[in-house]
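Chemist: sequence? don't have it. structure:
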């Protein structure tokens, strides 16, 4: 477990470094070789994918752009669709999407304002 954690941190360190595409390719290849030499099997699927798409993956180091944010939004919307199956009111669906994407801080702000006005009126 300790070795797996160390390899994970080393891989993260590669991505957090400002490397050229060539340097990143070399370091990732060295990381793969080190993991394979360690006889850990928990990275096998990841390494297989990494080897298959290594050229595309190291392209990240060219401009350091990622589609992670968009992929996150897509995932939230897919989960929302599954959770909201059976909601017929489209406004409720969009309200739910807004809350899930924007976070609950808007809801909490409005909730606090509503509580304040209720206390002021009743007090």
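Modeler: Okay, I see it. Values in this document were obtained by computation on a predicted structure and should not be read as measured data. Numbering: from 1, shown residues only.
Chemist: which stretches of this protein form helices?
Modeler: Under the criterion DSSP state H, the chain contains helices at 2-16, 21-38, 44-52, 54-58, 60-63, 68-83, 90-102, 105-122.
Chemist: will you turn the ones you listed into JSON lines that also has mean neighbour count and mean pLDDT?
Modeler: (C-beta placed from N, C-alpha, C; glycine too.) JSON lines is the format used below for those (neighbours: other C-beta atoms under 10 Å; pLDDT from 0 to 100):
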{"stretch": "helix 2-16", "mean neighbour count": "12", "mean pLDDT": "93"}
{"stretch": "helix 21-38", "mean neighbour count": "15", "mean pLDDT": "94"}
{"stretch": "helix 44-52", "mean neighbour count": "12", "mean pLDDT": "94"}
{"stretch": "helix 54-58", "mean neighbour count": "14", "mean pLDDT": "90"}
{"stretch": "helix 60-63", "mean neighbour count": "13", "mean pLDDT": "86"}
{"stretch": "helix 68-83", "mean neighbour count": "11", "mean pLDDT": "84"}
{"stretch": "helix 90-102", "mean neighbour count": "12", "mean pLDDT": "79"}
{"stretch": "helix 105-122", "mean neighbour count": "10", "mean pLDDT": "53"}
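Chemist: distance of the closest residue to residue 25 other than its chain neighbours from residue 44?
Modeler: Closest residue to residue 25 apart from its sequence neighbours, by C-beta to C-beta, 6 or more residues apart in numbering: residue 58 at 4.8 Å. When distance is defined by C-beta to C-beta, to the nearest Å, residue 58 is 20 Å away from residue 44.
Chemist: which residue sits closest to residue 43, ignoring its sequence neighbours?
Modeler: In space, residue 43 is closest to residue 35, 5.1 Å off (C-beta to C-beta, 6+ apart).
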